[in-house]
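Enquirer: Below is the sequence, then the predicted model.
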Amino acid sequence: MTTTQRAAAARPQIRAQRQTTRPTMIAGYASTFGVAVNGQYVIAPGAFDRLLERGFSPRMLLEHEGEPVGEWLKIIADQTGLFVVGRVDAAAAIERIEAGDIGLSLGRKVGLRKMIEGGISLCPQVLDVGEISIVSEPGDPLALITEFAIGAGQ
């Protein structure tokens, strides 16, 4: 089984709750520990600790472009990775989520890296993340929206 096949098999089943009005609440992992991102680097457990202690407010974008489409309300690191909860306000982003674009992706980030094997680097510390985007193809195959509730963010 290839890495892509394992990642696809490990993808959680998305749970949706529909309510009558918008905006939409989403939750999922923006980054997971120990997974090669775009075949280039792996984020180590604890990499976000100092950033979270300092406090940061990344923008919520769609495909790393344009104006913010909502707001990240909660960001925590657990044993799996960087877990986020947010409110999506933009109709275009909500439509994309409903259509199945459930990936999440850290935008431009600054971090310390050291080469490990096979041309992949290890990132033991992330110093800054400017945005976290809703995307159709996440670089981290396990960085996914796992739950959303349409009309729940009021």
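Expert: Ah, there it is.
Enquirer: Can you list the strands that the helix or strand hosting Gln125 pairs with?
Expert: Take DSSP states H and E as the rule and Gln125 turns out to sit in strand 121-129. Applying DSSP bridges, strand 121-129 is found paired with strand 41-43 (parallel), strand 109-115 (antiparallel).
Enquirer: Would you point to the one among those that's packed deepest?
Expert: Ranked by mean neighbour count, the strands paired with strand 121-129 are led by strand 41-43 with a mean of 22 (mean count of other Cβ atoms under 10 Å). Placement of C-beta: from N, CA and C, glycine included.
Enquirer: what's in contact with the helix or strand hosting Arg87?
Expert: Using DSSP H and E, the element containing Arg87 is strand 81-88. Here strand 81-88 makes contact (Cβ atoms under 8 Å, 6 or more residues apart in numbering) with 23-33, 43, 48, 60, 69-77, 94, 97, 104, 106, 132, 134, 142-143, 153.
Enquirer: which residues sit against the strand holding Gln125?
Expert: 40-44, 46-48, 50-51, 56, 58, 106-116.
Enquirer: Just the buried positions in it, please.
Expert: Ser121, Leu122, Cys123, Gln125, Val126, Val129 (16 or more other Cβ atoms under 10 Å).
Enquirer: Which strand runs longest in the protein?
Expert: strand 65-77 (DSSP state E).
Enquirer: what lines up beside that one in the sheet?
Expert: Assessed with DSSP bridges, strand 65-77 is paired to strand 59-62 (antiparallel), strand 81-88 (antiparallel).
Enquirer: Can I get the shortest one in CSV, CA atoms only?
Expert: The reference is to strand 59-62. These are the backbone C-alpha positions of strand 59-62, laid out as CSV (Å, rounded to 0.1, in the frame of the first residue of the first chain):
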residue,chain,number,x,y,z
ARG,A,59,-5.9,34.5,8.9
MET,A,60,-8.4,32.0,7.4
LEU,A,61,-8.1,32.0,3.6
LEU,A,62,-9.4,30.0,0.7
